[in-house]
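Engineer: Give me a model of this one.
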Amino acid sequence: MYQLNLPHFEIKIANRNDKTYVFDVLRKKYVVLTPEEWVRQHFVHFIMEHKGYPAALLINEVELTIGSKKLRCDSLLYNKSGGPRMIIEYKAPYIPITKKVFDQIYAYNLILKADYLVISNGIQNIVCRVDYDNNKYVFLKDIPDYSNL
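Structural biologist: The predicted structure is shown next:
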């Protein structure tokens, strides 16, 4: 598919009815393999296997509602109390991470009030910590280890 700036893992692929599927370890089922899904699966394995994020606190495809509008958050990390800790938004590798993409995750955070926002297209990862006390974003150089959140 695409060469990403994320570690390789043993990916499970299946072909059915002329479509390619990938096994989603969090949803525990095969889902259609799109460029964005390729990034999601690599990123989720990266944060679980290399950054220590527990699978039990991660969920993919979280539905949100703003008024009558339904949105879908790509991945969400919860804290141990069940509150949102980190929102993760994925884009296909050929989609640049722009202000418009950041505005999308910002809209999700108006509802969720997470501590961290992450955007990845598999090539570039942008992560920031939300400083609610000073009403600003603090951009980090790397995805933090789970133990440092």
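
Engineer: Tell me the buried residues in the lowest-mean-pLDDT helix or strand in the chain?
Structural biologist: Sorted by mean pLDDT, DSSP states H and E, the helices and strands of the chain end with strand 58-66, the least confident at a mean of 88. Residues of strand 58-66 classed as buried: 58, 60, 62, 64 (neighbour count, 16 or more other CB atoms under 10 Å). All C-beta atoms are positioned from the backbone trio N, CA, C, and that covers glycine.

Engineer: what's across from the first one in the sheet?
Structural biologist: The one in question is Leu58. Residues in a beta bridge with Leu58, per DSSP bridges, are Leu77.

Engineer: For the residue nearest the centre of the chain, identify the helix or strand it belongs to.
Structural biologist: Centroid check for the chain by CA atoms, centre = their mean gives Ile88 as the closest residue, at 2.9 Å. Per DSSP states H and E, Ile88 falls inside strand 84-90.

Engineer: just Tyr30 next, same as before
Structural biologist: strand 29-32.

Engineer: List the neighbours of that strand that are in contact with it.
Structural biologist: 12, 14, 16, 19-24, 37 (CB atoms under 8 Å, 6 or more residues apart in numbering).

Engineer: swap the cut-off to 7 Å and go again
Structural biologist: Applying CB atoms under 7 Å, 6 or more residues apart in numbering, the contact partners of strand 29-32 are 14, 19, 21-24, 37.

Engineer: Stretch 72-81 now?
Structural biologist: Residues outside stretch 72-81 that contact it (CB under 7 Å, 6+ apart) are 40, 44, 53, 57-64, 84-90, 108.

Engineer: ok, back up a step: same question for the strand holding Ile88, mean pLDDT?
Structural biologist: Here strand 84-90 scores 97 as its mean pLDDT.
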